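*Asks:* Need a 3D model of the sequence below.
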Amino acid sequence: MGIVGNLSEDQLVSFNSNGFLVIESFYSPVEVEEMRDRMAQLLSYFDASSSASIFSTRNQQRHTDDYFFESSENISFFFEEKAFGDDGRLKQPKELSINKVGHALHEMDPIFKKISYSEKISSIFLSLGYRRPVVIQSMYIFKQPGIGGEVVPHQDNSFLYTLPPSCTGLWLALEDATINNGCLWAIPGSHKNGLVRRFIRDENRVHFDRPSPSYDQKEFVPLEAKAGSLVVIHGDLIHQSFENKSPNSRHALSLHVVDTDGCKWAEDNWIQRKTAPEPLYVS
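*Replies:* Sure, this is the predicted structure:
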């Protein structure tokens, strides 16, 4: 295989204790610029009049459509809720109106595939003990200045469930993520309490199987990150981000990985692929 785990013992202890790990300078400024330039190129090709699909963590059931479901194997564009005026038109250019692009950038675009299938990424999952990991979804998140939407407290295993649970999130800062422009916040150690609810796809489209618990905001800590830093997120970690009311965007690339060796993909997950994803490696 030729891949060696790159997390130190101290990093693994910290991750297992807190449920998250911030790795500074995981990607170089050149690599970060390459990803940002490629996304700017993809956006320039996108015809904003061809889609008005909105992404919302508060009410995704209302906004879910076939475009959303098909995005699991496509490169799809989703707008911010506050991007449109009362007349249904964008209030500002598309480049400042998009919430995210997903969910198969890692498969469909050569630049993001190169990043996603890099040895650096694989090495993390080798360190975490994954035997046959696959990237199950990828997202380029913009967190637009002034209108970047809130992401409510959640666990990644809710949306990308395997039995047993195996989802780990990778969140790469492509711009400095600060308290002011909507950095991640997490409850340290919350991953030890298990999964609290699931996001189900059935004949009623998509819905949660139970209400969200209430969380004490005093328990959350900010995960500020410089551009190029990587945040590793346990699938049961409670995390969130607030609206971006600042004049500065907060671009990030998010990858979610599950194991397919000894872990069964739930048939009622929102992602129901027609083709099996390619593994990062097989150990």
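*Asks:* State the helix or strand in which residue 135 lies.
*Replies:* strand 133-141 (DSSP states H and E).
*Asks:* And that strand, what does it pack against?
*Replies:* Packing contacts for strand 133-141, counted by 3 or more CB pairs under 8 Å, 6 or more residues apart in numbering; DSSP states H and E, involve strand 98-103, helix 105-108, helix 110-116, strand 252-259. For glycine as for every other residue, the C-beta is placed from the backbone atoms N, C-alpha and C.
*Asks:* which regions of the stretch 151-283 of the chain sit below the pLDDT cut-off?
*Replies:* Nowhere does the stretch 151-283 of the chain drop to pLDDT under 70.
*Asks:* rewinding a little: the strand holding residue 135 vs strand 98-103, what angle?
*Replies:* Between the axes of strand 133-141 and strand 98-103, defined by axes from the mean of the first three to the mean of the last three CA atoms, to 10 degrees, the angle is 160 degrees.
*Asks:* re the thing from before, okay if I get the helices and strands packed on strand 133-141 as CSV plus mean neighbour count and distance to residue 179?
*Replies:* Compiled in CSV, these are given as follows (neighbours: other CB atoms under 10 Å; distance: least, CB to CB, whole Å):
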stretch, mean neighbour count, distance to residue 179
strand 98-103, 24, 20
helix 105-108, 22, 27
helix 110-116, 17, 27
strand 252-259, 24, 15
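*Asks:* returning to what we had before: tell me the mean pLDDT for the strand holding residue 135?
*Replies:* Strand 133-141 shows a mean pLDDT of 98.
*Asks:* The chain should start at 51 in everything you say after this.
*Replies:* Happy to do that; since the first residue is 51 now, the last one works out to strand 183-191.
*Asks:* chain center to it, what's the gap?
*Replies:* Counting by CA atoms, centre = their mean, to the nearest Å, strand 183-191 is centred 7 Å from the centre of its parent chain.
*Asks:* Given the following helix or strand past it, what are its sheet partners and their directions?
*Replies:* Downstream of strand 183-191, the next assigned helix or strand under DSSP H and E is strand 201-204. Taking DSSP bridges as the criterion, strand 201-204 forms sheet pairs with strand 289-291 (antiparallel).
*Asks:* before we move on, what SS does the nearest residue in space to residue 184 that is not next to it in sequence have?
*Replies:* Of all residues not flanking residue 184 in the chain, residue 327 sits nearest, at 4.2 Å (CB to CB, 6 or more residues apart in numbering). Following DSSP: H, G, I helix; E, B strand; the rest coil, we place residue 327 in the coil state.
*Asks:* picking that back up, output the helices and strands packed on strand 183-191 in a markdown table; the columns should cover distance to residue 238.
*Replies:* As requested, the helices and strands packed on strand 183-191 are exported to a markdown table (distance: least, CB to CB, whole Å):
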| stretch | distance to residue 238 |
| --- | --- |
| strand 148-153 | 26 |
| helix 155-158 | 28 |
| helix 160-166 | 27 |
| strand 302-309 | 20 |
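*Asks:* To residue 95, which of these lies closest?
*Replies:* With CB to CB as the criterion, residue 95 lies closest to strand 148-153 of the helices and strands packed on strand 183-191, at 11.2 Å.
*Asks:* Pull the distance from the closest one to the chain's centre.
*Replies:* With CA atoms, centre = their mean, you get 10 Å for strand 148-153.
*Asks:* Check stretch 298-310 too.
*Replies:* Counting by CA atoms, centre = their mean, stretch 298-310 comes out at 4 Å from the chain centroid.
*Asks:* on that earlier part again, what is the burial count for the residue nearest to residue 184?
*Replies:* Residue 327 sits with 21 neighbouring residues when counted by other CB atoms under 10 Å.
*Asks:* quick one, what contacts it?
*Replies:* With contact set as CB atoms under 8 Å, 6 or more residues apart in numbering, residue 327 has these partners: 157, 184, 185, 186.
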